[in-house]
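**Q** Need a 3D model of the following:
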Amino acid sequence: VNLRRLALDSNNLSGQFDAALYPSSLIELQLNDNSLRGGIDSVAALPSIRKLLLHNNYLEGTLPPELSNLSQLEVLNLATNLINGTLPSYLPLQQLKYLNIGDNTFQGSIPLNWTDSLVSLEKLVLNGIEYASDDLEQFCSELRYLEQISISCSTATDSSPIICSCCVCSDGDDILDETFWI
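**A** Modelled structure (predicted):
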């Protein structure tokens, strides 16, 4: 089977997420807005994936090291799940343009050395994740293609106002615009 795109979003799917159930030839998998459970460590079974939309499910666990095997990944949306733990200090996803990990239960702050590995990043959604305003400005200045960081204005770790040239407050479902989900 040479299936390239599979969109099963909003289909009331339930059960354990297991990427090994899908053809390894997939470049796009949309399983958002379902009731899938479990971890996402099986994503390494999708080596050609470019667009992975798993938001609005019940996925849990941490961001697994297996994500680093997805060298062609351009769009990753894991928002509004139950993913937890600390954010990995290094995400070697050189092709990643759009990342939404907001509205999960991560502990700690955004790793600053992401600026070394997410070099193609254009839009980043961090709703519900702690940050310091200076850290966000470092992202804005060091990531060449970064256009926008969407944040919850209520999760600042410092008392300073947001001084970030590419930040947008978004404390609800109005995350960015339709072009984010290309």
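
**Q** Tell me where the chain is predicted with low confidence.
**A** Applying pLDDT under 70 to the chain flags the ranges 1, 154-163, 171-182.

**Q** Give me the phi and psi angles of the nearest residue to residue 42 once chain neighbours are set aside.
**A** Of all residues not flanking residue 42 in the chain, residue 19 sits nearest, at 4.2 Å (CB to CB, 6 or more residues apart in numbering). In this view, the C-beta of every residue, glycine as well, is placed from N, C-alpha and C. Dihedral pair for residue 19: phi -60, psi -20, per degrees, to the nearest 10.

**Q** Leaving out chain neighbours, which residue sits closest to residue 34?
**A** Here the residue nearest residue 34, using CB to CB, 6+ apart, is residue 13, at 4.0 Å.

**Q** got a list of what that neighbour touches?
**A** Contact partners of residue 13, counting by CB atoms under 8 Å, 6 or more residues apart in numbering, are 31, 34-36.

**Q** Max pairwise distance over the residues you listed: which two?
**A** Largest separation among the contacts of residue 13 by CB to CB: 31 and 35, giving 10.3 Å.

**Q** joint contacts of these two?
**A** Counting by CB under 8 Å, 6+ apart, the residues touching both residue 31 and residue 35 are 13, 57.

**Q** Of these two, give the one with the bigger neighbour count.
**A** residue 31 (23 against 12; other CB atoms under 10 Å).

**Q** residues contacting the more buried one?
**A** 8-9, 13, 17, 53-54, 57.

**Q** from the chain's centre, how far out does stretch 73-85 sit?
**A** Centroid separation between stretch 73-85 and its chain, computed with CA atoms, centre = their mean, to the nearest Å, is 4 Å.

**Q** From the chain's centroid, how far away is stretch 100-112?
**A** Worked out by CA atoms, centre = their mean, stretch 100-112 lies 9 Å from the chain centre.

**Q** same question, stretch 104-124
**A** Its chain's average C-alpha position is 9 Å from that of stretch 104-124, according to CA atoms, centre = their mean.

**Q** Just the terminal-to-terminal distance for that stretch.
**A** 14 Å (CA to CA, to the nearest Å).

**Q** same question, stretch 32-50
**A** End-to-end distance for stretch 32-50: 15 Å, by CA to CA.

**Q** Just the buried residues of that stretch, please?
**A** Along stretch 32-50, these residues count as buried under the neighbour rule (16 or more other CB atoms under 10 Å): 32-34, 36, 39-46, 49-50.

**Q** Show me which pair in these is furthest apart.
**A** Farthest-apart pair in these is 33 and 44; separation 24.0 Å (CB to CB).

**Q** Tell me which residues touch the nearest residue to residue 101 once chain neighbours are set aside, please.
**A** Among residues not flanking residue 101 along the chain, residue 78 sits closest, at 5.3 Å (CB to CB, 6+ apart). Counting by CB under 8 Å, 6+ apart, residue 78 makes contact with 40, 54-55, 59, 63, 100-101, 104.
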